[in-house]
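Q: the following comprises the amino acid sequence and a computationally predicted model.
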Amino acid sequence: MKEWQQPVTTRRYLQPPQSQRLLTLWREGKVMLGEATAHPGPVIHEYATEHACGLWPVVGKEPASADVTRTESRICPDGTPVHTVINRYGDLAMTVEALGDTRRAATAYLKITLQNVGSLPLSERVGVYLRAGQEEALLPGAPDFYRHYDPDLSVWQALPATFRREGDVCRDGDYFVTFTGEVPFDYDEASGLLYADITLPAGADRTVYLTLGKGETVCRPYDEQKAETIAYYQKELGRLVPLPPALEAEHGSLIRHLTVQMLQCFTRTKGKELVICRQGGLQRHMWAFEALYVLEALDQLGDFDDYVEPAISLYFEEMQQEDGEVVPLGRYWAMASAMALYSFADHAIKVGNRYWCKHREAALRAFACIQNTRASTKEQVGVLVGLYPPRPSCDCELVFQSWTFTDTMNLIGLRRFADAATLLNDPLAAEIRAEYDAYRAVVRHCFDVAKQKSDPAEGIALSSFVPDYTGDETLFAFSPFIGTVTAALELDREDVEGLTRYMRSKGRIHEGLYWRMPDHHYSKDADGVMRVWYTTLEEYYWFDTFLRLGMTEECEAIIDSTLRYSMSPEYLMQERYHLRDPYFCPWSPNASANGRLVTMLLKLYR
């Protein structure tokens, strides 16, 4: 099997920014509608209750879905999310162009063109399956899709058909599908299939139009809605400041697409007025760690304050507890308070005292919570006083002192908070800086001990666990976070080269990729080899370190590998990469990956 192929695009967003709905176009031409309802989190099992609906184009009297290995995908170069997939069924080419309107309760619009691309007349049955139900049943693997993408039509065929036809509309409760155009459809209620038998001369085509929505039926002319959607996104993209000329020439279209996708990850929830910066995919939660990179990128790209500020306000108005801790609308991460401080400080540095004063008191309570939490650490086996006490560092629920992640990210957040306090002349700036310096000294101690214990010939080996404690690495979902250590401690070149030398010897670096998933925690291939890489997270901090040290070749290698292995040809980012499976595209679109890549490009080209 060919290795190191670029990943494909499996799904794309259609919904507008700050919509309460998720509208997605899938590789086989399927379109889905789900909703984002406000809930406190933090566990994933809530997705079992998510309801959704969708439509799935098929061809043949024995209905068949498209062969997604042959799908052709098209995009608009300017970044507008009017998306197209083209699938072939013999000589019948089905082109699905799809977009969303710009309402908060958004509706999907489809233009399906059926063309005979052969030299002889063609007769065929075409159809669209309609289904509603639990999102996980309609989309096995939802919400994150840590699996090979191979859509199975039989899953839908086995689900109850609950839509009923009412003229040119099919309804299931509040869900609706409208259909108009040059093909007269019949509807089989037993199978939930809209279908038509068509005959096309060679070269001829027919066009049908559908809408998929919820609530009052919406069905305006497709071209009218398309023009309105394009105008809306041109206005949103008009906020972008001019890019450096070389960046515009090489990656201008990419930047605009990544920007639009990040905006589409902002959801104004149903039920409670919250603006959530979602992490992407079909997730409805907000992780302060992941949102950091989106908010940071948007602040560099232009005036997106009406996205950034409501999301940051969420930390202090919805997530903050009585003791000052920021608890995310997702799984608990110990670093969340520091990540909220980073985003708040980063934005305040951009806009000034107006914003700093708005949330200063709440931010200081979060800062005090970090101080108090660190001071609460008690001496015990496997625990170092001065670090954060044992707590979950990420979605892996292992409770331990993750000094290479929780503490390094806390440092990065506190450093940004201290920078803002100094720049804006806050009277507590010296106290904030002193806490950062004291915390940094403890983390630096961890690194120095690991360095002393390492064989210089092999390089510097770091453990996920604190010095003088041999923990079971197989209990933790990830290998030690090394890039974050280099960035948090601002290591010198000698130490950086010692770390990379050791990582290469363990197969943890490939060209510009810096984080192969550990062998112990995730599913290996049939031959027992782990071939999955977690992309952009570690690379982002390695990039910062290399840039600070003037190692531009390494920076360029990271950008090149990110473009080849973490992004599809249609500019869709994903969380992980399988070197033998371009259809393994989890958590895509991926908001934080978009933000990291945008920020790296802006830094490299400025």
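A: The structure has been received and is ready for your questions.
Q: only C-alpha atoms from now on, for both contacts and neighbour counts.
A: Will do.
Q: Ser119 and Ala66, how far apart?
A: 21 Å (CA to CA, to the nearest Å).
Q: out of those two, which sits in the busier spot?
A: Ala66 (22 against 10; other CA atoms under 10 Å).
Q: list phi and psi for the residue lying closest to that one once chain neighbours are set aside.
A: Nearest non-adjacent residue to Ala66, counting by CA to CA, 6 or more residues apart in numbering: Glu28, 5.4 Å away. Torsion angles at Glu28 (phi, psi; degrees, to the nearest 10) stand at phi -80, psi 0.
Q: relative to Gly141, how far out is Glu28?
A: Taken as CA to CA, the span from Glu28 to Gly141 is 16 Å.
Q: give me the more crowded residue out of the two.
A: Glu28 (25 against 15).
Q: list the contacts of that one.
A: 56-57, 65-68, 71, 85, 87, 151 (CA atoms under 8 Å, 6 or more residues apart in numbering).
Q: equivalent analysis for Gly90, please.
A: So Gly90 contacts nothing (CA under 8 Å, 6+ apart).
Q: quick one: which of the contacts of Glu28 is nearest Asp581?
A: Nearest to Asp581, judged by CA to CA, of the contacts of Glu28 is Val68 at 13.6 Å.
Q: against Tyr583, how distant is that closest one?
A: 10 Å.
Q: check Glu317 too.
A: To Tyr583, Glu317 is 40 Å away according to CA to CA.
Q: show me the common contact partners of Val68 and Tyr583, please.
A: What both Val68 and Tyr583 touch, as defined by CA under 8 Å, 6+ apart, is the set Asp150.
Q: buried set for the longest helix seen in the chain?
A: Counting residues, the longest helix in the chain under DSSP state H turns out to be helix 429-453. Across helix 429-453, burial judged by 16 or more other CA atoms under 10 Å covers 429, 432-433, 435-436, 439-440, 442-444, 446-447, 450-451.
Q: so what does it touch, helix or strand wise?
A: helix 408-423, helix 483-489 (3 or more CA pairs under 8 Å, 6 or more residues apart in numbering; DSSP states H and E).
Q: which one of these lies closest to Met286?
A: helix 408-423 (17.3 Å).
Q: show me how this protein divides into domains.
A: 11-233, 239-605 (automatic domain parsing).
Q: how far off centre is the first one?
A: Relative to the centre of its chain, domain 11-233 is centred 22 Å away, using CA atoms, centre = their mean, to the nearest Å.
Q: only whichever of the contacts of Glu28 are buried, select them in ChimeraX.
A: Buried members of these, defined by 16+ other CA under 10 Å, are picked up in ChimeraX with:
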select :56,57,65,66,68,71,85,87,151
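Q: now the contacts of Glu28 in CSV, with pLDDT?
A: Listed next are these as CSV, based on pLDDT from 0 to 100:
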residue, pLDDT
Trp56, 99
Pro57, 99
Ser65, 99
Ala66, 98
Asp67, 98
Val68, 98
Thr71, 99
Val85, 99
Asn87, 99
Pro151, 97
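Q: so of the contacts of Glu28, which ones are in strands?
A: 56-57, 85, 87 (DSSP state E).
Q: who touches the helix or strand where Leu292 lies?
A: Using DSSP states H and E, Leu292 sits in helix 288-301. Helix 288-301 is contacted by residues 240-241, 259, 262, 277-279, 304-305, 308, 328, 335-337, 339-340, 342-343, 346-347, 350, 591-596, 598-599 when judged by CA under 8 Å, 6+ apart.
Q: after that helix comes which helix or strand?
A: Next along the chain from helix 288-301, counting by DSSP H and E, comes helix 305-314.
Q: quick one: buried residues of that following helix?
A: Those would be 307-309, 311-314, for helix 305-314 by 16+ other CA under 10 Å.
Q: please apply the same query to stretch 54-64.
A: 54-60, 63-64.
Q: ok, stretch 112-128 next?
A: Buried-residue list, stretch 112-128, by 16+ other CA under 10 Å: 112-118, 122, 126-128.
Q: so Gln115 makes contact with Arg206?
A: Yes - checked against CA atoms under 8 Å, the pair Gln115 and Arg206 is within contact range at 6.6 Å.
Q: the buried residues of stretch 112-128 in helices, which ones?
A: Using DSSP H, none of the buried residues of stretch 112-128 sit in helices.
Q: mind putting the residues you listed in CSV, pLDDT included?
A: Putting those into CSV (pLDDT from 0 to 100) gives the following:
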residue, pLDDT
Ile112, 99
Thr113, 99
Leu114, 99
Gln115, 99
Asn116, 99
Val117, 98
Gly118, 98
Leu122, 98
Val126, 99
Gly127, 99
Val128, 99
